[in-house]
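S.K.: Dropping the sequence and predicted coords here.
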Amino acid sequence: MGMRVDLVAAPSRYPRTPLILLLILALIPTVALAALLVWSDEQADIHEAARTDTEPEESPSQPPPAVGEPAPVLATGLFSYRRASQEISDFTDRDRLAESVDPIYGYINDQSCVAVSVDGLPVTAQNGDKPVIPASTQKLLIAAVALETLGDDYRFSTIVATPTPVDGVVEGDIYLIGGGDPNLVSDDYPIEDDPHPAFNTTSLDRLADAIVGSGITTIRGSVVGDGSRYDDEFFIASWGDDVVFVDGGPYDALLVNDSRTLGRSSRQSDPNEAAAREFARLLGNRGVSVSNAWTSGLADPSVPIVGSIDSEPLSAVVAEMLTTSDNNTAEMLLKEVGFVDSGEGTVAAGLNVVDRTLRSWGVPMEGVRLVDGSGLSTDNRLTCAALLAVLQRSGGGALRAALPVAGRTGTLDDEFTESPMEGRLIAKTGTLDNLPADSDPPAVKALAGYLGATNGSTIEFVIIQTGPDITSDGKYQALWLALGDRLDSYPDGPGTNGLGPR
């Protein structure tokens, strides 16, 4: 039998010294922490003793809970609605405002609409998406888009160009060239006789003074009015016969006194010729003779410029337009935004800019149809929702500052007098008297603007009424006053003091 041999190594012995050293190293942090704890306790005792010697000990506002008793709990739960008191208060205020306004809807027919918001948040609406005839509230859209695309400080320039004079004599025509300024006036023209006189105007007399200042005494030619910056559409085809040359038109890039001349009772059919006639009169008043009267036409680009005048900034032009409901200004602004955008001073080019801009703002455009800038056409369609969206976006800028004030200025100077709205409500009016009363489309009365609330919020509102005789005082004024009173009730909910944590 063979023998099995197991090879087993002799047991090894490890040295004990390294193990002992490891144990000592492990104990060092423990000992150090214990020493630090003792030292910190001693320092705390010293600090407490020093504080007690120098300051009286304040008694706690609440005694600490006894051993075994539960700690006190918050009176208002961490997730209680009271910890969002401002949001709850605002929501309640808006809800109460809606409840206050809603009864008015019984007086709103199917072809009218109302919409109200507070600080851009919707409150209530009736037929808000219904396309209706906006009348002059449409000017709010034109104003907002012009301010956005052209800028508050944009100005319109009117220039005069003449051949070089020799011994004060000009051989040939001189040119008055329009730059779209809607507020050009002669200083002696009686605009104060207008129902709502224009303001923030530009004096044409300054250009006549520039001619005299250049040494010109005689013009052996004509004064030519050039409004070629815009097309030759002097009014909108869909305007009624009782509107054209009465409420709006004729207008072009050269417009003086709304196409009126001193000594004539009606508007002249060609605004460029009318402007040239007025300019020739102003020159005659200054001793400058004009051999061949006045006409309209295109300026010779080779003739040098001898003078120019700039309008007030666009923000001031818009203020004049919205306060007096200036129809010609609205139409000219529409063409100007088109000209600056595409080089085409046309209604179509301007409306393209308006549509594109409103859509970029997120304005709901379903059912919206615009055919002019002033709102004089009964073919226009606008919704209260769209108009309210424009007001919400423009509430803090030049548009809001440009609106007439209730009981004080412009088309609101005789509205809301002796009411809480006087001096506070600011809005654009809209009126279309479409007679007879049973005509189709019907008459329109509209109001759209803002009311500052007592808590600092801004209420945005739109009301557009259509129907027989709606423009008579007894119908629209009662509803306007009722709406104003209800808007003035905001805020009417519990304040944040009653909803806050306790």
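M.R.: Now that the structure is in, tell me what you want to look at. Numbers count the residues shown, from 1 in each chain.

S.K.: drop to CA atoms for contacts and neighbour counts, all remaining ones
M.R.: Fine.

S.K.: Give the rounded mean pLDDT of stretch 88-103.
M.R.: Average pLDDT, stretch 88-103: 90.

S.K.: Likewise for stretch 365-377?
M.R.: On average, stretch 365-377 scores 98.

S.K.: quick one: contacts of that stretch?
M.R.: 129-131, 134-139, 142, 236, 238-240, 243, 326-328, 330-331, 333-334, 347, 351, 358-359, 379-383, 386, 432 (CA atoms under 8 Å, 6 or more residues apart in numbering).

S.K.: cool, stretch 281-294 as well?
M.R.: 205, 208, 211-212, 216-225, 273, 276-277, 280.

S.K.: List the ones among those residues that fall in strands.
M.R.: 218-220, 223-225 (DSSP state E).

S.K.: Just the buried residues from those residues, in PyMOL please.
M.R.: To isolate the buried members of these in PyMOL, using 16 or more other CA atoms under 10 Å:
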select buried, resi 218+219+220+223+224+225
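
S.K.: so who does residue 331 touch?
M.R.: Contacts of residue 331 (CA under 8 Å, 6+ apart): 347, 372-374.

S.K.: 7 Å instead, please
M.R.: Applying CA atoms under 7 Å, 6 or more residues apart in numbering, we find residue 331 in contact with 372-374.

S.K.: Straight-line length of stretch 190-209, end to end?
M.R.: 20 Å (CA to CA, to the nearest Å).

S.K.: what separates the residue nearest the centre of the chain from residue 455, distance-wise?
M.R.: Taking CA atoms, centre = their mean, the centroid of the chain lies closest to residue 394, which sits 2.5 Å from it. Distance, residue 394 to residue 455, using CA to CA: 20 Å.

S.K.: Output stretch 453-467 in CSV with nothing but the alpha carbons.
M.R.: This file holds the C-alpha atoms of stretch 453-467, laid out as CSV (Å, rounded to 0.1, in the frame of the first residue of the first chain):
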residue,chain,number,x,y,z
ALA,A,453,-59.2,99.6,-9.2
THR,A,454,-58.6,100.7,-5.6
ASN,A,455,-56.2,97.9,-4.9
GLY,A,456,-53.9,98.9,-7.8
SER,A,457,-55.2,96.4,-10.3
THR,A,458,-56.3,97.3,-13.8
ILE,A,459,-59.7,96.3,-15.2
GLU,A,460,-59.8,95.8,-18.9
PHE,A,461,-63.3,95.9,-20.5
VAL,A,462,-65.0,95.9,-23.9
ILE,A,463,-68.7,96.4,-24.6
ILE,A,464,-70.0,96.6,-28.2
GLN,A,465,-73.8,97.0,-28.7
THR,A,466,-75.6,96.9,-32.0
GLY,A,467,-79.3,97.3,-32.6
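
S.K.: which of the contacts of residue 331 has the most neighbours?
M.R.: Taking other CA atoms under 10 Å as the neighbour criterion, residue 374 ranks highest of the contacts of residue 331 with 32 neighbours.

S.K.: the helices in the chain, which residues?
M.R.: All helices of the chain, identified by DSSP state H, fall at 17-54, 85-101, 139-150, 205-213, 271-285, 314-324, 327-342, 347-360, 384-393, 398-401, 473-488, 496-499.

S.K.: Out of the ones you listed, which gets the lowest mean score?
M.R.: Among these, helix 496-499 scores lowest, with a mean of 50.

S.K.: coming back round to it: got a PyMOL select line for the buried ones in the contacts of stretch 365-377?
M.R.: Filtering the contacts of stretch 365-377 down to the buried ones (16+ other CA under 10 Å) takes a single PyMOL command:
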select buried, resi 129+130+131+134+135+136+137+138+139+142+236+239+326+327+328+330+331+333+334+347+351+358+379+380+381+382+383+386+432
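
S.K.: residues touching the residue nearest to the centre of the chain, list them.
M.R.: 144, 400.

S.K.: For it, give its distance to residue 459.
M.R.: 13 Å.

S.K.: before we move on, what about residue 200?
M.R.: 28 Å.

S.K.: Tell me which of the two has more neighbours.
M.R.: residue 459 (25 against 17).

S.K.: which one is the more buried one nearest to, not counting chain neighbours?
M.R.: The spatial neighbour of residue 459 that comes closest, neighbours along the chain excluded (CA to CA, 6 or more residues apart in numbering), is residue 118 at 4.4 Å.

S.K.: who's in contact with the one you found?
M.R.: Neighbouring residues of residue 118 by CA under 7 Å, 6+ apart: 457-460.
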